[in-house]
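> sequence unknown, structure follows:
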């Protein structure tokens, strides 16, 4: 999605040097300090995880850490809320995954 | 095991308008203060708020920046990216459990604000469906547009205010429509109730919704009173179509939002057969309203009361912002949903109350607190954004209940 460069009321953000990170192994760029979810949305990525049980795609919902819908995994940090976790240089980010279910017998591919 | 050390005289949870205002006053009177917030930067919801007020823009970010600057100058420690998940009273000390370890203080102020009421809708788990507040944060805090073209479902003060912000920020909106009728939406799905809400807001002078409501009233004349006369195509507010006779039936798409099925409704909120059509959008913002975010007060053992005018269940508190739990105080939207300016005045009052209880003012405590109470009244009476017309009376009832329960016979 489009980034706002010069906000009509709030003006510009301070000059920022982009950082590199990966999402599901794919190289991406974002701005340091901005949440993972914002950097991914700017890159047009809405699906942040597959629902653990159904496997259906899920995305950002509340953007302020209340709802837990945007959880995904970051190498070295485990599962985090992507709306609150700032991007860092070299971060490896992975979509949240559907899980196996021993009761229903569902195995992961 | 190392003995735990007191972190400061006061821990404040929440770096929004209430928390930051309280911190600066408490620090001014000599208390050491730590403010904790799990968002990466301080300011709370003020970071993304702005509205037009008597010909100029009220910009929340500017107010937040000033408060942060004041706090830093006074040596207040603001710790962002830290989540609080528990509270335990050990002797006379609160042990606050955080993602960065336990923090100890004799007094804690909860200024956690409000959360959005979820509004389940067919298709609402599709990526691209978000709360109205999320659309605000993405656009005004992170500077990323939530999509190319969106639809807002739900008509309330928050929806109207953020719709205006999004439109000013260059986000394209297909309109604002009613939520589908059902147990989750209740009266929010009825055209007449919504018209009454908007017209009701319009007489609360002086309010940005006065212009909004006045505009509706002017456009509709008597039709405004009779919802069936509200134009089926909606009316335009600023450049946003407000459709009070249109409901969202479902949100559609395979792995992301592609469209919303809309339909016309009659005065009872029932769908008019054959009126269904699809509106192509790539994001949907659900506006279900706000409720006080108060789990920590519950964890701390504070009793709750149910007050619909203030957003639902909230911690019982006195007019001085004390709770029945020793050393636990509340301020801002955790005590009921109101505007940022009221939250700021409540924060200053809570700080006066805390300093008074800590003995900082000597025998002048009561008069300092009384002044701060008066200021809250003044700010509330002139607040530009009123979330509910019944707020002052609801507040009086709470404080009466407090007096009857805790001050009777004193």
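Received the coordinates, thanks. Predicted model only: the values in this text are computed from it and were never measured.
> what about residue A:66, which helix or strand?
Using DSSP states H and E, residue A:66 falls within no helix or strand.
> Please name the residues that touch whatever residue of chain A ends up closest to chain B.
Relative to chain B, the nearest point of chain A is residue A:59 (3.0 Å; CB to the nearest CB). (C-beta placed from N, C-alpha, C; glycine too.) Contact analysis of residue A:59 by CB atoms under 8 Å, 6 or more residues apart in numbering or on different chains lists A:46, A:47, A:48, A:69, A:70, B:126, B:127, B:128, B:129, B:130, B:256.
> can you pick the most crowded of those?
residue B:130 (31 neighbours; other CB atoms under 10 Å in any protein chain shown).
> how about the helices in chain A?
Listed in chain order, the helices of chain A (DSSP state H) span A:36-42.
> which secondary structure element contains the nearest residue to residue B:75 once chain neighbours are set aside?
In space, and not counting its chain neighbours, residue B:75 is closest to residue B:27: 6.5 Å by CB to CB, 6 or more residues apart in numbering or on different chains. Using DSSP H and E, residue B:27 maps to helix B:17-28.
> tell me which residues in that helix are buried?
Buried positions in helix B:17-28, judged by neighbour count with 16 or more other CB atoms under 10 Å in any protein chain shown: B:17, B:18, B:19, B:20, B:21, B:22, B:23, B:24, B:25, B:26, B:27.
> Do the next helix or strand after it and chain A come into contact?
With elements assigned by DSSP H and E, the helix or strand that comes after helix B:17-28 is strand B:33-37. No. For strand B:33-37 and chain A, the contact criterion (CB under 8 Å from any CB of the partner chain) is not met; the two come no nearer than 10.0 Å.
> Parallel or antiparallel, list what pairs with strand B:33-37.
Strand B:33-37 pairs in its sheet with strand B:10-13 (parallel), strand B:77-80 (parallel), by DSSP bridges.
> Contacts made by the first one with the rest, please.
Spelled out, it's strand B:10-13. Strand B:10-13 has contacts (CB under 8 Å, 6+ apart) with B:19, B:22-23, B:26, B:31-37, B:84, B:94, B:96, B:103, B:105, B:107-112, B:296, B:354.
> mind checking pLDDT for the most centrally placed residue in chain A?
Relative to the mean C-alpha position of chain A, the nearest C-alpha, by CA atoms, centre = their mean, is the one of residue A:37, at 3.8 Å. Residue A:37 is assigned 98 on the pLDDT scale.
> which non-adjacent residue is nearest it?
Of all residues not flanking residue A:37 in the chain, residue A:82 sits nearest, at 4.1 Å (CB to CB, 6+ apart).
> Correct me if wrong: that neighbour contacts residue A:40.
Yes. Using CB atoms under 8 Å, residue A:82 makes contact with residue A:40 at a distance of 7.2 Å.
> Residues in contact with both of those two, list them for me.
Common neighbours of residue A:82 and residue A:40 are listed as A:48, A:93 (criterion: CB under 8 Å, 6+ apart).
> Could I get the contacting residues of the closest residue to chain A within the stretch 151-300 of chain B?
Chain A sits closest to residue B:255 of the stretch 151-300 of chain B, with a gap of 4.7 Å, by CB to the nearest CB. Counting by CB under 8 Å, 6+ apart, residue B:255 touches A:47, A:57, B:126, B:127.
> if we go to 10 Å?
A:46, A:47, A:56, A:57, A:59, B:126, B:127, B:128 (CB atoms under 10 Å, 6 or more residues apart in numbering or on different chains).
> Helix, strand, or coil at the nearest residue to residue B:169 once chain neighbours are set aside?
Nearest non-adjacent residue to residue B:169, counting by CB to CB, 6+ apart: residue B:139, 5.0 Å away. When classified by DSSP: H, G, I helix; E, B strand; the rest coil, residue B:139 comes out as helix.
> still on that earlier bit, quick one: which of the strands paired with strand B:33-37 is nearest residue B:64?
strand B:77-80 (11.3 Å; CB to CB).
> does any bit of the following helix or strand past that closest one sit next to chain A?
Helices and strands here follow DSSP H and E; after strand B:77-80, the next one along the chain is strand B:84-90. No. Strand B:84-90 lies out of reach of chain A by CB under 10 Å from any CB of the partner chain, never closer than 11.5 Å.
> for strand B:84-90, packing partners?
When contacts are defined as 3 or more CB pairs under 10 Å, 6 or more residues apart in numbering or on different chains; DSSP states H and E, strand B:84-90 packs onto strand B:10-13, strand B:93-98, strand B:101-105, strand B:107-110, helix B:295-299.
> For the fourth one, what does the pLDDT average out to?
Going back to what we said before, that points to strand B:107-110. Averaging pLDDT along strand B:107-110 yields 98.
> which residues touch whatever residue of the stretch 1-150 of chain B ends up closest to chain A?
Relative to chain A, the nearest point of the stretch 1-150 of chain B is residue B:127 (3.0 Å; CB to the nearest CB). Shown in contact with residue B:127 (CB under 10 Å, 6+ apart): A:41, A:45-49, A:56-61, A:69-70, B:253, B:255-257, B:283.
> The same query, at a cut-off of 8 Å, please.
Shown in contact with residue B:127 (CB under 8 Å, 6+ apart): A:46, A:47, A:48, A:57, A:58, A:59, A:60, B:255, B:256, B:257.
> Over to residue A:106?
Counting by CB under 8 Å, 6+ apart, residue A:106 touches residue A:100.
> try 10 Å
By CB under 10 Å, 6+ apart, residue A:106 lies in contact with A:53, A:55, A:98, A:99, A:100.
> Could I get those residues in a markdown table, plus columns for neighbour count, pLDDT and distance to chain B?
As requested, the contacts of residue A:106 are exported to a markdown table (neighbours: other CB atoms under 10 Å in any protein chain shown; pLDDT from 0 to 100; distance: CB to the nearest CB, whole Å):
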| residue | neighbour count | pLDDT | distance to chain B |
| --- | --- | --- | --- |
| A:53 | 11 | 93 | 12 |
| A:55 | 12 | 94 | 11 |
| A:98 | 17 | 94 | 14 |
| A:99 | 13 | 94 | 17 |
| A:100 | 11 | 94 | 21 |
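> Any chance of those residues in a markdown table with distance to residue B:306 as columns?
Formatted as a markdown table, the contacts of residue A:106 follow (distance: CB to CB, whole Å):
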| residue | distance to residue B:306 |
| --- | --- |
| A:53 | 33 |
| A:55 | 39 |
| A:98 | 39 |
| A:99 | 37 |
| A:100 | 42 |
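> how many neighbours does residue 80 have?
With no chain named, the answer covers chain A. Counted with other CB under 10 Å, residues neighbouring residue A:80 total 16.
> sorry, should have said chain B
Counted with other CB under 10 Å, the neighbours of residue B:80 add up to 15.
> Not counting residues beside it along the chain, what's closest to it?
In space, residue B:80 is closest to residue B:37, 5.2 Å off (CB to CB, 6+ apart).
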